[in-house]
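Asker: no FASTA, just this:
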């Protein structure tokens, strides 16, 4: 799981799947071709390709994503076509009351109001999502640990409504939670500490940070986070999503430029939008694309007014939640330095999960945290709590303390949650007084989650290949689906569809396991 | 006829050509060639000129100097150094090492340190641990979440409720889930920051009406109606929303809901109601402003509130008819893309709801206390109380501005500090001046911006620590030129009177509360 000290981080690539041969790695995607297939076969299922990306990062960095076969792609499109046709047919039947209409309707008194939803929004939900709705929002009723209890539910009206049977499916293997390090537990040091604080402080805070909601616990947490990240100062916020969406607007504004990866998470997209800055999208993890945008931005300045940009902020994620790829951080940092841009790194998935001591993607590449201007991350995943943080230079944090929307208008973190983060973080840092073995045990309690993420970047030997991929695939499907019909941002239709089908068999397998 | 003349002209021209001298023809030929050359060479040259060479580009890149990521913050910035609260923020609060009576938290019902709530949260912690490790969609839905949604819907007497893991994100996600580009939102000028951000994210057309001024709202609605008649095709797809708060966070005033509902049906606009301050406060059973006015809850399309004030937990919820609310399960960004609420906080909220349902009397007590404190704070020289007497949050506002906002802020901070010295914790309401300004233009003539104290009246442990109204002060920002009130002079004389009055007033009425 951890790279050997001093050794290269990525050892080998595992073939993307058993039957379809991989091809040349270009910009992180595998393009299959007959020649490459032969070469891959010759290499006995392994390929070693160093992506040449401006030569800024010398160490080998392998990444491979399977390409969707043409047949599958065509079938998917056909499938969607058929579903859409059927959707129209059924809407027609519903309109003439031939088919019973299950969905909630507008009040009689408000029938003459302008319709609350656009037609297509609901068409998708009604006719496509409803068929597979059972796959999401499954309630659980235990710790989201390695095994989880799921509440059984049934639908007698084709997923329009669910009834809970009262049965609980016990001990399901959990490959769906972000509990990477296993700190989300109901026993052990974290729980005990949190319970103590809960008894003392209560659950809520009832005020904002700037007013009277700044507890001593919050200060303690921020000091610890700063030490953990190796930065000068840090600030913690009550929600990971809001950390992005409420702090990016504090950092950039009109006359500034945001360069955002096309696969960035919705919270980064929202924050960028709220900031009022100009947003330009570069291709996923594609350094040429980023460099071109940077160059053009500086040379040509703002559109129309031609004034130079005030500042340029690059938004990237450590591990992309939509794709599972690792950001090419060394190259991003080199570009950022070359073009004097600022870097905002969202480590929601990578903090605690990458690097020999869990310090995230910066440590994974052996870089200096000072080179990243804004280190952002969440406590939801590896720390088994909730909330988010931003770390960086003292000036940055001072500015955020005075100008962050979150500090001024939103309630601060709940004290027991803070305590959970403090305890788990100390445990990772080895400051909790326990020996390394005990720490190891805590780690051992984690879900397969962490290994899965590693598998996504092919950093893990093929032993657990199948299991790991399963979990990722499920998450992949879900993300894709959500993104495709909720925001339409970042992911195109076809990609969403393709992912779904290629991964469906594994998905079925998982459900059978469940 | 016409063709004949044209032919004649042509013949004449040919004849003229024959008769023209040779040098003339040569000259004309050269001119024509010149024109052709100009035509072709022009575009070519322009392109050549506009291209920058690689070297020039490199120089430009070398030259460019960005602004620093953040401007430096002065060391004495009023918001830089937070008050540090050690220990629980309950009835008594230790601020910066000094024990005070807590007038500053939004813990209206005193449920924060209620032993029952704590016990419920603890039981949940022992069962589920702290984090949920996933968004609602993928195994982040716990049975407690379903319970809480069910309970909230029942409590509010609506069909469905949906919970968010952060109070701020609730209304800020709910608005853009419905209102899109091209839709029209009528919103009160005093709307809180979360609403402003929601509106910004929705990219809809925003029409501001004067605070609580129904005539102004109707004027805007009428204008829109006339606009709609001009373009009925567009009007058929343009949704209209009215976004208001039950009790305004920024002013402490209550919205005139009955009039709003009338306007809603007259002009066919949907009402979104933000009840963070009024939920668990107004109404006989604490259902908020709808119950206070006796309005059918179905007449309001969407009610959102946070669970961070009266319920003393974390998070927020929206409730209404399933037709409306269910849409957020796929379209509420803060719902879909964020980790779900930690189960222990959901359990605390459920227990708080239990207590509210079991003791409906607490709302009457709270109301009485608010009224008393409101009365007690009247007549303090130099300060006036803004907001309804039934609001659990009072804004104390300088009667006369010192002339500049900065000085007003400092003066109010002085008052807050002095109160703190006398063991009363108030707080100055914080705003992001630059950000706030960008949405509404100055709010009327009186309160351009609000800097307020907040205070919570502590309760006695009788009814499980009842409420905590806070007393914020809005400051007058009438920019009067004559500085009759230089704040330095006041510091010694008038200021002291103010604190003494506050303290004595509180001592008089506090124990009754």
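Answerer: Sure thing, it's come through. Keep in mind that this is a model prediction, so the values were computed, not measured.
Asker: mind checking pLDDT for the residue nearest in space to the middle of chain B?
Answerer: Here the mean C-alpha position of chain B is nearest to the C-alpha of residue B:193 (C-alpha atoms, centre = their mean), at a distance of 1.9 Å. The confidence metric pLDDT takes the value 91 at residue B:193.
Asker: list the contacts for the closest residue to it other than its chain neighbours?
Answerer: For residue B:193, ignoring the flanking residues on the chain, the nearest one in space by C-beta to C-beta, 6 or more residues apart in numbering or on different chains is residue A:409 at 4.5 Å. All C-beta atoms are positioned from the backbone trio N, CA, C, and that covers glycine. By C-beta atoms under 8 Å, 6 or more residues apart in numbering or on different chains, the contact set of residue A:409 is A:208, B:168, B:192-194, B:432.
Asker: Equivalent analysis for residue B:27, please.
Answerer: Taking C-beta under 8 Å, 6+ apart as the definition, residue B:27 has no contacts.
Asker: And it, what's its pLDDT?
Answerer: For residue B:27, pLDDT reads 93.
Asker: Specify the local secondary structure of it.
Answerer: The local conformation at residue B:27, judged by DSSP: H, G, I helix; E, B strand; the rest coil, is helix.
Asker: mind checking how far residue A:155 is from residue B:329?
Answerer: Counting by C-beta to C-beta, to the nearest Å, the gap from residue A:155 to residue B:329 is 16 Å.
Asker: Neighbour count: those two, which is higher?
Answerer: residue B:329 (17 against 13; other C-beta atoms under 10 Å in any protein chain shown).
Asker: I'd say that one and residue B:335 touch.
Answerer: Yes: the pair residue B:329 / residue B:335 is scored as a contact, 6.6 Å apart, by C-beta atoms under 8 Å.
Asker: shared neighbours of those two, which are they?
Answerer: B:136, B:162.
Asker: For the closest residue to residue B:278 other than its chain neighbours, which residues are in contact?
Answerer: Spatial nearest neighbour of residue B:278, chain neighbours left out: residue B:246 (3.4 Å); criterion: C-beta to C-beta, 6+ apart. By C-beta under 8 Å, 6+ apart, the contact list for residue B:246 reads B:254-255, B:257, B:273-279, B:282, B:288-289.
Asker: Nearest to chain A among those?
Answerer: When the contacts of residue B:246 are compared for distance to chain A (C-beta to the nearest C-beta), residue B:276 wins out at 10.1 Å.
Asker: now that closest one, nearest residue through space, not along the chain?
Answerer: residue B:306 (4.6 Å).
Asker: Tell me who's in contact with that neighbour.
Answerer: The contact partners of residue B:306, taken as C-beta under 8 Å, 6+ apart, are A:411, B:167-168, B:170, B:276, B:279, B:315-317.
Asker: If we use 7 Å, what do you get?
Answerer: When contacts are counted by C-beta atoms under 7 Å, 6 or more residues apart in numbering or on different chains, residue B:306 touches B:167, B:170, B:276, B:315-316.
Asker: do residue A:131 as well
Answerer: residue A:159.
Asker: Next one: it, what pLDDT does it get?
Answerer: pLDDT recorded at residue A:131 is 84.
Asker: Show me what counts as buried in the helix or strand residue A:279 falls within.
Answerer: Residue A:279 is part of strand A:278-282 when elements are defined by DSSP states H and E. With burial defined by 16 or more other C-beta atoms under 10 Å in any protein chain shown, the residues of strand A:278-282 counted as buried are A:278-282.
Asker: Could you do stretch A:405-423 as well?
Answerer: Here stretch A:405-423 shows A:405-423 as buried, counting by 16+ other C-beta under 10 Å.
Asker: ok, the contacts of residue B:246 vs residue A:85, which is closest?
Answerer: Ranked by distance to residue A:85 (C-beta to C-beta), the contacts of residue B:246 are led by residue B:273 at 41.1 Å.
Asker: Looks like that closest one contacts residue B:303 (just checking).
Answerer: Yes: Residue B:273 is within contact range of residue B:303, at 4.9 Å (criterion: C-beta atoms under 7 Å).
Asker: Give me every residue in the stretch 251-400 of chain B lying close to chain A.
Answerer: Contact residues (C-beta under 7 Å from any C-beta of the partner chain) of the stretch 251-400 of chain B with chain A: B:268, B:270, B:298, B:308-309, B:312-314, B:321-324, B:326-327, B:330-331, B:333-334, B:336-339, B:342, B:344-345, B:348.
Asker: Walking through the stretch 51-200 of chain A, point out its strands one by one.
Answerer: A:147-154, A:163-173 (DSSP state E, counting those that start in this stretch).
Asker: Those strands: which one's closest to residue B:133?
Answerer: Checking these against residue B:133 by C-beta to C-beta gives strand A:147-154 as the closest, at 10.0 Å.
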